[in-house]
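A.B. asks: for reference, the sequence and a predicted model appear below.
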Amino acid sequence: MELKTNIHALRGEIAVPGDKSISHRAVMFGALANGTTRITNFLTGEDCLSTIDCFRKMGVTITQNGNEVIVEGKGIEGLKEPTHILNVGNSGTTTRLLLGILAACPFHACLIGDDSIAKRPMDRVTKPLKQMGAHIDGREEGRYTPLAIRGGQLQPITYHSPVASAQVKSAILLAGLHAEGTTTVIEPHQSRDHTERMLRAFGADVRVDGLSVSVTGRQTLQAIDIEVPGDISSAAFFLVAGAIVPNSEITLKHVGINPTRTGIIDVLIEMGADISIEHVRNEDSEPVADITVRTSTLKATHIGGDIIPRLIDEIPIIALLATQAEGTTIITDASELKVKETDRIATVVSELRKLGADIEATEDGMIIHGKTPLYAENTVVDSYGDHRIGMMLAIAACITKGSVTLQHPEAIAVSYPTFFDHLRMLQS
Ligand code: S3P
């Protein structure tokens, strides 16, 4: 598709769609709970629809009416052996959390996903789940999809995760809910804590002690009503757009500001962005706020260490932000980017270079020299099927002189189906 370039202003107010991580968990935990879970502002992106589809195939009644989803819980032991393969589409969260749930189910299930999922490492969850007693096999000894799993009686474990990953942590905790005894996950850095918060809201006892999280098995979950906050990872594209497009002022309403996700706000502030956070409030188990950003003069920064898991999905758009900051921005400790929907170090660098950015890849991040005007001469860029690369390029085009075509824009529907509508609204 032809992207709009050389935009003169982005102004107005939008409510970004519901949080992807929270929407997945609401359906999954709702399915495991006793009673009916009502979810509002559910993200109807393809990833979360994959989660709904998988649970329907295991006998869970789920009604979806726009952004409202009703899950008729089956109780922690109520899922049924699926007669069909569970298709996780493009969704790493569906795959990994589902494996944690299936590890305790005394039946057989097969998981398959798209070409991107087939390249993503699953041994980070299959290894600890096998230690707990699940039988899992798959391509390359259970490292990749397609995967076959037969769950059953589980032993609790104490697992020192080599990566700060909420998907790994959540998979083990979900398996631990069925194990006899206490299961503990210890992370190298704090990853997003939506599982811990939401399990508690469903009535589970979850103990957190620094980087260690424990659950005791054989607990029951009680259905609740959940209003999903706006996804800060989707808001990030417009937070950056507001800062780098001239004459802009964008307000994003009802955005989740869970501290394990707000690295993007810290970086914007550190780089000098004109940003304000208003109406901070707690909704259900998550904090939300309205965020306004205006065109800003930006300076470079260093991003690495503990902050990385707090902004891992925002690094593509932060790379674009850094092209418009004075000085050299260095991103380190981010090798996890290589195993996302694409190798995001490679795809960010190759596509931004096509627009004239001065950016280079390193082993665990990137180095970006700014400030660089972006330009294009009938340039073709590609999302490579990665939603966040597609959206980053659409925002890059806003500050590019010339004409840019985006290949595979449809990938954006994975997490933000109304992205281009919102971009258009802010231009008028
Ligand atoms: C997610 C965790 C993160 C993130 C992904 C969603 C989740 O992945 O990148 O988009 O919902 O738990 P990791 O846990 O692998 O870092």
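C.D. replies: Alright, I've got the coordinates.
A.B. asks: CA atoms for contacts and neighbours, from now on please.
C.D. replies: Noted.
A.B. asks: quick one: residues contacting the residue lying closest to C105 once chain neighbours are set aside.
C.D. replies: Distance criterion Cα to Cα, 6 or more residues apart in numbering; nearest residue to C105, sequence neighbours excluded, is G151 at 4.7 Å. For G151, the contact set (Cα atoms under 8 Å, 6 or more residues apart in numbering) comprises 102-108, 133-135.
A.B. asks: just the buried members of the residues you listed?
C.D. replies: Among those, those classed as buried by 16 or more other Cα atoms under 10 Å are 102-106, 108, 133-135.
A.B. asks: tell me the pLDDT of the residue of the chain positioned farthest from its centre.
C.D. replies: Here the chain reaches farthest from its C-alpha mean at E377, the gap being 33.0 Å by Cα atoms, centre = their mean. Looking at E377, its pLDDT reads 93.
A.B. asks: mind listing what it touches?
C.D. replies: E377 makes contact with 402-404, according to Cα under 8 Å, 6+ apart.
A.B. asks: just put those in CSV and tack on pLDDT.
C.D. replies: CSV is the format used below for the contacts of E377 (pLDDT from 0 to 100):
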residue, pLDDT
G402, 97
S403, 97
V404, 98
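A.B. asks: thinking again about what came up before, quick one: the residue farthest from the centre of the chain from H369, how far?
C.D. replies: The gap separating E377 from H369 is 22 Å, by Cα to Cα, to the nearest Å.
A.B. asks: give me the nearest residue to whichever residue of the stretch 301-428 of the chain sits closest to the ligand, chain neighbours excluded.
C.D. replies: Relative to the ligand, the nearest point of the stretch 301-428 of the chain is D313 (5.3 Å; Cα to the nearest ligand atom). With Cα to Cα, 6+ apart as the criterion, D313 has its nearest non-adjacent residue at 6.6 Å, and that residue is S233.
A.B. asks: same thing with L102?
C.D. replies: Nearest one to L102, counting by Cα to Cα, 6+ apart, is G151 at 5.9 Å.
A.B. asks: what does G304 give?
C.D. replies: T332 is the one closest to G304 (Cα to Cα, 6+ apart), at 4.8 Å.
A.B. asks: now for the one you found, how many residues are close by?
C.D. replies: 16 (other Cα atoms under 10 Å).
A.B. asks: do you know how far L211 is from the ligand?
C.D. replies: 14 Å (Cα to the nearest ligand atom, to the nearest Å).
A.B. asks: list phi and psi for that residue.
C.D. replies: Main-chain dihedrals, L211, degrees, to the nearest 10: phi -90, psi 10.
A.B. asks: for it, what are its contacts?
C.D. replies: Residues near L211 by Cα under 8 Å, 6+ apart: 186-190.
A.B. asks: could you pull out the helices in the stretch 101-250 of the chain for me?
C.D. replies: 123-132, 139-142, 166-176, 194-201, 232-244 (DSSP state H, counting those that start in this stretch).
A.B. asks: pick out the shakiest of those, pLDDT-wise.
C.D. replies: Note on the helices of the stretch 101-250 of the chain: helix 139-142 shows the lowest mean pLDDT, a mean of 92.
A.B. asks: in it, what counts as buried?
C.D. replies: Neighbour-count burial for helix 139-142 [16+ other Cα under 10 Å]: G142.
A.B. asks: for that helix, what is the distance to the chain centroid?
C.D. replies: Centre-to-centre, helix 139-142 and its host chain are 25 Å apart (Cα atoms, centre = their mean, to the nearest Å).
A.B. asks: ok, A273 to the ligand distance?
C.D. replies: 24 Å.
A.B. asks: not counting sequence-adjacent ones, nearest residue to that residue?
C.D. replies: Among residues not flanking A273 along the chain, S296 sits closest, at 5.1 Å (Cα to Cα, 6+ apart).
A.B. asks: now swap in L221 and tell me
C.D. replies: Using Cα to Cα, 6+ apart, the closest residue to L221 is A33 (4.4 Å).
A.B. asks: near the ligand, which residues of the stretch 301-428 of the chain?
C.D. replies: 312-313 (Cα under 6 Å from any ligand atom).
A.B. asks: can you give me the strands in the stretch 301-428 of the chain?
C.D. replies: Here the stretch 301-428 of the chain has its strands, by DSSP state E, counting those that start in this stretch, at 302-303, 325-331, 358-362, 365-370, 374-382, 400-407.
A.B. asks: and the ones you listed, which is most packed in?
C.D. replies: Highest mean neighbour count of the strands of the stretch 301-428 of the chain: strand 365-370, a mean of 22 (counted as mean count of other Cα atoms under 10 Å).
A.B. asks: which helices and strands does it pack with?
C.D. replies: helix 315-323, strand 325-331, helix 344-354, strand 358-362 (3 or more Cα pairs under 8 Å, 6 or more residues apart in numbering; DSSP states H and E).
A.B. asks: which residues sit in contact with I359?
C.D. replies: 323, 349, 352-353, 366-369 are the contacts of I359 under Cα under 8 Å, 6+ apart.
A.B. asks: if we use 7 Å, what do you get?
C.D. replies: Residues in contact with I359, defined by Cα atoms under 7 Å, 6 or more residues apart in numbering, are 349, 353, 366-369.
A.B. asks: ok, of these, which one's closest to P82?
C.D. replies: Closest approach between the contacts of I359 and P82, by Cα to Cα: V349, at 41.5 Å.
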